[in-house]
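**Student:** Got a sequence here, can you build the structure:
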Amino acid sequence: MSDVGYENDATRPAETVAGFLSALAIFASLIALGWHPLRLVMPAILIALIAAGIGGRYKRLAFVAVMISAACFFFGLTIAVVTSRPLW
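**Tutor:** Below you'll find the predicted structure:
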């Protein structure tokens, strides 16, 4: 029996927060491709890593958020350098 009172199928509030943080990290990373990459990608990677640390039911989404953030970091910097746009 659990002290918290959550059933096995119920989602804990921390898992819900992890899902929202993962979605936020993906959104910020994709926006960073068209805007200043370092301003958005670095916080997005941090948010994705926090969501991965929370884990829970949305651990696959958190993993995808970390991978998308890393890919957007690489491609965002590449696009900025090739088009001579500022990184900041």
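
**Student:** In this protein, where is pLDDT below threshold?
**Tutor:** For the chain, the stretches with pLDDT under 70 are 1-9.

**Student:** Could you rerun that using 90?
**Tutor:** Where the chain drops to pLDDT under 90, the residues are 1-12, 34-38, 55-58, 85-88.

**Student:** Tell me which stretches of it form helices.
**Tutor:** In the chain, the helices defined using DSSP state H lie at 13-32, 37-54, 59-82.

**Student:** residues near P37, how many?
**Tutor:** 26 (other Cβ atoms under 10 Å). In this view, the C-beta of every residue, glycine as well, is placed from N, C-alpha and C.

**Student:** Begin at 238, not 1, for the rest of this chat.
**Tutor:** With 238 as the first residue, the last one maps to P274.

**Student:** That one contacts G313, correct?
**Tutor:** Yes - counting by Cβ atoms under 8 Å, P274 touches G313, with 3.1 Å between them.

**Student:** Overlap in contacts, the two.
**Tutor:** Counting by Cβ atoms under 8 Å, 6 or more residues apart in numbering, P274 and G313 have no contacts in common.

**Student:** quick revisit: including distance to W325, could the helices of the chain go into CSV?
**Tutor:** Compiled in CSV, the helices of the chain are given as follows (distance: least, Cβ to Cβ, whole Å):
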stretch, distance to W325
helix 250-269, 12
helix 274-291, 6
helix 296-319, 10
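
**Student:** Just give the closest residue to E252, not the sequence neighbours.
**Tutor:** G293 (3.3 Å; Cβ to Cβ, 6 or more residues apart in numbering).
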